[in-house]
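# here's my sequence, what's the structure:
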Amino acid sequence: MTIVFFSNFLNHHQANVADELYKRINNNYVFVELMPICDWLLKDGYPDLSSKPYVLQAWKSEENHRKAMELLYDSDVALFSCPESLKYEVLRAKTGKLTFDVGERWLKKGWLNLASPRLLRFLRHYYTTLSHQNVYALCSSAFASNDYYKLNCFKDKCFKWGYFTKVEDFPLETLNKLDVSSGEITPHIMWCSRFLRWKHPELPVMLSKRLKDSGYNFRLDMFGSGEELERIEKLTKDLMVEDMVSFCGNMPNDEILEQMRKHEIFLFTSDKNEGWGAVLNESMANGCAVVASNLIGSVPFLIEDGVNGCIFKSENIADLTMKVRFLLDYPA
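Numbering: from 1, shown residues only. Next up, the predicted model:
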């Protein structure tokens with residue numbers, strides 16, 4: 001079997017499943033990059049994975065593009081996962097061969113998304129070409145299939161999918177976690193994301209104010225950068241929780257994973273604009289008790305509320321506070 005995956009560029013959230021496919025089908029897997037990785041992502045700590053043996057950089061030369069087109073028509077299975085790949089997906093669908101559209105939810109802003117030129121372009125191709133062919137959807141969000149069905153797309157053709165991050169085997173005793181039996185306990189809470197409005201970095205700071213006023217002992221470390229950072233730093237001062245909150249900047253992904261092992265609780269506060277949210281996979285895999293918004297795409301797939309994590313109502317500071325207080329009151 002030969003499998004080809006057309007996308008913009010390879011990132012560390014796609015590389016693990018790509019590595020496995022490459023090994024399992026005797027090197028007959030190719031990841032076609034349609035553009036180079038963005039500089040701002042590299043600055044944010046994303047690794048450049050273009051040297052992987054299965055990566056074909058179609059954007060780099062005419063010869064590479066020719067090879068990509070051969071794979072498009074000849075491979076047994078083809079996957080497509082970004083707006084730049086749509087024209088290739090349409091050509092592939094016309095062959096009648098097995099094809100998968102990989103994506104997150106479409107209606108993050110509700111019906112307002114119908115004003116999106118990208119969505120309208122996809123729908124035009126879907127209704128005229130893709131819907132009549134051997135094309136299925138791999139849903140990288142718990143909310144994707146519902147959005148598809150609202151638009152009369154991929155009926156009975158949706159499969160559960162996601163982002164597949166690195167999961168390492170390591171001795172649990174190496175985790176720098178709470179010693180519940182000790183006399184002095186300082187829980188370490190972690191937040192890691194870009195400082196954007198829809199990521200809601202204000203919620204951890206507001207939470208810190210409520211916890212401090214209630215007499216809780218804790219530390220909150222916030223990792224990342226972005227346009228909202230200055231506003232959140234000011235909010236921290238205004239709420240007088242500077243002694244509880246630290247801003248740690250950007251780190252490479254491997255160092256972020258190490259930090260997760262040093263923190264007991266991880267906060268994931270994005271709203272429905274978070275398509276999947278691979279940081280949830282990562283924080284759970286590195287031993288954190290996660291408190292996550294109910295509208296994040298990966299949350300319904302990965303968390304059973306109160307069993308392997310906690311789910312709070314999106315943007316609801318009272319519910320977030322209640323879930324974190326539960327974890328602080330019952331650290332075991």
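
# what's the first-to-last distance across stretch 101-121?
Using Cα to Cα, to the nearest Å, the end-to-end distance of stretch 101-121 comes out at 14 Å.

# now stretch 275-295
Using Cα to Cα, one end of stretch 275-295 lies 9 Å from the other.

# how about stretch 7-27?
Using Cα to Cα, one end of stretch 7-27 lies 19 Å from the other.

# got the buried residues for that stretch?
7-15, 17-19, 21-22 (16 or more other Cβ atoms under 10 Å). For glycine as for every other residue, the C-beta is placed from the backbone atoms N, C-alpha and C.

# give me the neighbour count for Pro331.
Neighbours of Pro331 under the rule other Cβ atoms under 10 Å: 14.

# wait, isn't it in contact with Pro187?
Yes. Assessed by Cβ atoms under 8 Å, Pro331 is found in contact with Pro187 at 7.0 Å.

# sitting in strands, which of the buried residues of stretch 7-27 do you find?
The strands, defined by DSSP state E, take in Ser7 from the buried residues of stretch 7-27.

# center of this structure - which residue?
Nearest residue to the geometric centre of the chain (Cα atoms, centre = their mean): Gly277, 2.5 Å.

# for that one, report the pLDDT, please.
Predicted confidence (pLDDT) for Gly277: 96.

# please report how far it lies from Leu257.
Between Gly277 and Leu257 the computed distance is 15 Å (Cβ to Cβ, to the nearest Å).

# and what of Phe31?
Separation of Phe31 from Leu257 (Cβ to Cβ) stands at 23 Å.

# looking at those two, which is more packed in?
Phe31 (24 against 17).

# put the alpha carbons of the host helix or strand of that one into CSV.
Secondary structure assigned from DSSP states H and E places Phe31 in strand 29-33. Output in CSV follows, covering the C-alpha atoms of strand 29-33 (Å, rounded to 0.1, in the frame of the first residue of the first chain):
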residue,chain,number,x,y,z
TYR,A,29,4.4,6.8,2.9
VAL,A,30,5.1,10.3,1.7
PHE,A,31,4.2,13.6,3.3
VAL,A,32,4.0,16.3,0.6
GLU,A,33,4.8,19.8,1.9
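
# buried sites along the very next helix or strand once past that strand?
Downstream of strand 29-33, the first helix or strand assigned by DSSP H and E is helix 39-43. Within helix 39-43, no residue qualifies as buried by neighbour count (16+ other Cβ under 10 Å).

# does anything pack onto helix 39-43? Which helices or strands?
Using 3 or more Cβ pairs under 8 Å, 6 or more residues apart in numbering; DSSP states H and E, no helix or strand is in contact with helix 39-43.

# any idea of the mean pLDDT in it?
If you average the pLDDT over helix 39-43, you get 82.

# pull up the pairing partners for whichever helix or strand comes after it, direction included.
The element immediately downstream of helix 39-43 (helix or strand, assigned by DSSP H and E) is strand 55-57. According to DSSP bridges, strand 55-57 forms sheet pairs with strand 29-33 (parallel).

# what's next to the partner strand, contact-wise?
For strand 29-33, contacts defined as Cβ atoms under 8 Å, 6 or more residues apart in numbering pick out 2-10, 14, 18, 21-22, 50, 52, 54-59, 68, 71, 75.

# so where is this structure shaky, pLDDT-wise?
Per-residue confidence for the chain (pLDDT under 70) gives these ranges: 173-185.

# now do the strands in it.
With DSSP E, the ranges of strands along the chain come out as 3-7, 29-33, 55-57, 77-80, 98-103, 135-139, 158-160, 188-192, 219-223, 245-249, 265-268, 289-293, 310-312.

# export those strands to a markdown table and tack on distance to Trp198?
As requested, the strands of the chain are exported to a markdown table (distance: least, Cβ to Cβ, whole Å):
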| stretch | distance to Trp198 |
| --- | --- |
| strand 3-7 | 23 |
| strand 29-33 | 27 |
| strand 55-57 | 31 |
| strand 77-80 | 26 |
| strand 98-103 | 18 |
| strand 135-139 | 21 |
| strand 158-160 | 24 |
| strand 188-192 | 14 |
| strand 219-223 | 16 |
| strand 245-249 | 19 |
| strand 265-268 | 13 |
| strand 289-293 | 10 |
| strand 310-312 | 16 |
